[in-house]
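> generate coordinates for the sequence data below:
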Amino acid sequence: MPSSDSSAPVHDFGPQPSVPACDFCSRPGAVVFFRTVEFTLDLGGVEWLSGDRFYACPTCRALVDAADWPGLIAYAELGPRGVRVVEAFRDHHAPGAVVFEPGTNPEQGR
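As a prediction, the model looks like this:
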């Protein structure tokens with residue numbers, strides 16, 4: 001991916017935007033979420049809880065729908081911790097994406 005791409009992964013833990021970013025590549029503009037049975041991972045001494053949804057942009061959604069896990073990991077430019085999260089997501093998500101209206105935040109009112 002060219003470095004001039006303004007939608008390059010952010011991987012930032014700052015304030016949460018009003019519209020969800022993709023949980024895989026961190027790009028803005030998630031368009032679906034996948035329901036997930038919550039799971040916990042030990043990521044190098046840090047216990048990480050998944051939550052019950054993973055948001056996805058159009059590209060990451062297509063990769064999840066195709067079960068192209070190596071493609072998803074490569075596209076999202078994930079390191080070893082991210083790879084572990086994707087592998088656990090693979091084993092814990094429910095098939096089928098839940099589509100929501102672009103520009104909306106499905107977390108509101110939860």
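
> residue contacts, the spatially most central residue of the chain?
With distances taken as Cα atoms, centre = their mean, Asp23 lies nearest the centre of the chain, 2.1 Å away. Listed by Cβ atoms under 8 Å, 6 or more residues apart in numbering, the contact partners of Asp23 are Ala30, Phe54, Tyr55, Ala56. For the C-beta atoms, the positions are set from N, CA and C on the backbone; glycine is no exception.

> what residues are up against the first one?
The reference is to Ala30. With Cβ under 8 Å, 6+ apart, Ala30 has these contacts: Val19, Pro20, Ala21, Cys22, Asp23, Tyr55, Ala56, Cys57.

> does the first one touch Pro106 like I think?
No - between Val19 and Pro106 there is no contact under Cβ atoms under 8 Å: 9.3 Å.

> sorry, back to before: in ChimeraX, select just the buried ones from the contacts of Ala30.
Those of those that count as buried under 16 or more other Cβ atoms under 10 Å are selected in ChimeraX with:
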select :19,20,21,22,23,55,56,57
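
> out of the contacts of Ala30, list just those in strands.
Using DSSP state E, the members of the contacts of Ala30 that fall within strands are Tyr55, Ala56.

> and which of the contacts of Ala30 is nearest to Asp42?
Asp23 (19.1 Å; Cβ to Cβ).

> from Ala56, how far out is that closest one?
7 Å (Cβ to Cβ, to the nearest Å).

> what's around Gln108, how many residues?
7 (other Cβ atoms under 10 Å).

> three-state assignment of it?
coil (DSSP: H, G, I helix; E, B strand; the rest coil).

> cool, Phe34 as well?
strand.

> mind listing the strands for the chain?
32-36, 40-42, 47-49, 53-56, 93-99.

> dump these to a markdown table, plus mean pLDDT and distance to Asp65.
What follows is those, written out as a markdown table (pLDDT from 0 to 100; distance: least, Cβ to Cβ, whole Å):
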| stretch | mean pLDDT | distance to Asp65 |
| --- | --- | --- |
| strand 32-36 | 96 | 9 |
| strand 40-42 | 94 | 23 |
| strand 47-49 | 93 | 25 |
| strand 53-56 | 96 | 9 |
| strand 93-99 | 92 | 7 |
